[in-house]
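Engineer: next one to model:
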Amino acid sequence: MDDSAAILQRLMPDKKRLLQKGDYLFHQGDHVEYMYVVRQGVVKLVRHSIDGNDIILQLAVSKDMIAEASLFSDRYHCSAIVQSQSAELSCFDRKSLLIALKREPDTMMELVELFARRIRHLRALLEIKNIRSAKQRMYCYFQLEADGGHEVHLQLSYKDMAYQLGLAHETFYRNLKCLENEGKLIRKASSIQLL
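Structural biologist: Here you go, the predicted model:
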């Protein structure tokens, strides 16, 4: 299955953008000029709420489109900040992209299918976050993220995964060790193998 950058590159050429840790790709309220896909690195999407708190909406990794809903909006509803040491992104002009999608209905349907899969994934993640047991929550998350070989390729740090699950990183590390001791997984250098 194609990733979002590959789908969009069939419609139009992309521009590359390289950013460093802490750099903003865009700010909440900025005018939407480009659609972005992460090529390398981690970018966090942050919403600045009415009460002044920041809420992390997404940790986008390789092949993730950032702020997909911005395709149909004039303003970004969140900010995008580089979380990793650096990040490389593909940039697609929003207005040109919308015109190209209207001319290519098959490609538009591929993109809609990609968005639908992303929504299903986010809903599954929300369901997992409501599991009371931290250990069970983590194991279900690993099952969600695992490939066909029952392996989770680590694109996020353990600390970022803990955040994504609504757990303190100490709780995450403790339960990860527990799952390993119970023989439910094996930790490798860049992956977790489920047994």
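Engineer: in the sheet, who's paired with the residue nearest to the spatial centre of the chain?
Structural biologist: Relative to the mean C-alpha position of the chain, the nearest C-alpha, by C-alpha atoms, centre = their mean, is the one of residue 60, at 2.9 Å. For residue 60, the beta-bridge partners under DSSP bridges are residue 43.
Engineer: pLDDT score for it?
Structural biologist: pLDDT, residue 60: 93.
Engineer: likewise for residue 118?
Structural biologist: Predicted confidence (pLDDT) at residue 118: the value is 89.
Engineer: please tell me how far residue 102 sits from residue 108.
Structural biologist: According to C-beta to C-beta, to the nearest Å, residue 102 and residue 108 sit 8 Å apart. Glycine gets a C-beta too; all of them are placed from N, C-alpha and C.
Engineer: between those two, which one's more packed in?
Structural biologist: residue 108 (16 against 9; other C-beta atoms under 10 Å).
Engineer: just give the number of residues close to the residue lying closest to residue 85 once chain neighbours are set aside.
Structural biologist: Once flanking residues are discounted, residue 85 sits nearest to residue 21: 5.2 Å by C-beta to C-beta, 6 or more residues apart in numbering. By other C-beta under 10 Å, the residues close to residue 21 number 13.
Engineer: circling back to that earlier point, my read: the residue nearest to the centre of the chain touches residue 39, true?
Structural biologist: No. The criterion here is C-beta atoms under 8 Å, and residue 60 misses it with residue 39 at 11.0 Å.
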